[in-house]
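Trainee: Provided below are the primary sequence and the corresponding predicted coordinates.
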Amino acid sequence: MNLAIPPSAHERYALWWAVPATLLGIGGLAFILVFSLRSYRAFKAVQKSFVELQYRDNAVGVRELALRRQLDDRESRRVLDDVKFVNDLIEQKRVSLTGLAADITELIPDNVRLSALAMAPDGQEMALRFVITAKDATAVERFLSNLEDSPHFKDVAIINEGFEEASTTSELENIACTAHYLVGESDSSGE
């Protein structure tokens, strides 16, 4: 007597279906492994690029720090200040010697002579030093008044005053003063 249960149709074909299902599972696993491997390689490439970028960023930071230290050096700071000043002069067409001469000529009375004129940068402005010679104090006062009233000059200050003997009968009055020249305010500078 055979007590075995006859296999059902499902059980009979299970072996037949197990082989393709196993092959399909192995193919899916292989696909997942290949995809994972590609993703891992892409991740490593991005990570390597990120590390290189950080390295370059650090190198640029170190170079920037070195350049800042160099710029903070006293000599470099002086050169940088001079360059800024010159660039401001160029940008604003600041100093025109013909304009300056015309502005000064308007201020000098007939009986006053300009003995010396010096010009030097003073921050963002131009400092001028005048030395004038006049026959009397009234002419000196008129020149100083003209200088103070002029829209081209400010901060007028007398720094030295003296007398010089021109001949046995007369004395000439010498005066040295400073003022700041307001460049760009000049209408006669040709701008």
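Mentor: Here it is on my side, so go on.

Trainee: residue nearest the centroid of the chain?
Mentor: Here the mean C-alpha position of the chain is nearest to the C-alpha of Lys84 (C-alpha atoms, centre = their mean), at a distance of 8.5 Å.

Trainee: residues in contact with it?
Mentor: For Lys84, the contact set (C-beta atoms under 8 Å, 6 or more residues apart in numbering) is empty. To be clear about C-beta, it is placed using only N, CA and C from the backbone, and glycine gets the same treatment.

Trainee: got phi/psi on it?
Mentor: phi -60, psi -40 (degrees, to the nearest 10).

Trainee: need the pLDDT of it.
Mentor: Residue-level confidence at Lys84 comes out at 85, pLDDT.

Trainee: please tell me how far it sits from Arg77.
Mentor: Using C-beta to C-beta, to the nearest Å, one obtains 10 Å as the distance from Lys84 to Arg77.

Trainee: do the same with Glu64
Mentor: For Glu64, the distance to Arg77 under the criterion C-beta to C-beta works out to 17 Å.

Trainee: mind naming the longest helix for this structure?
Mentor: The longest helix of the chain (DSSP state H) is helix 9-72.

Trainee: need the next SSE after the one helix or strand Ser76 maps to, C-terminal direction.
Mentor: When secondary structure is defined using DSSP states H and E, the element that contains Ser76 is helix 74-92. Using DSSP H and E, the helix or strand that follows helix 74-92 in sequence is helix 97-107.
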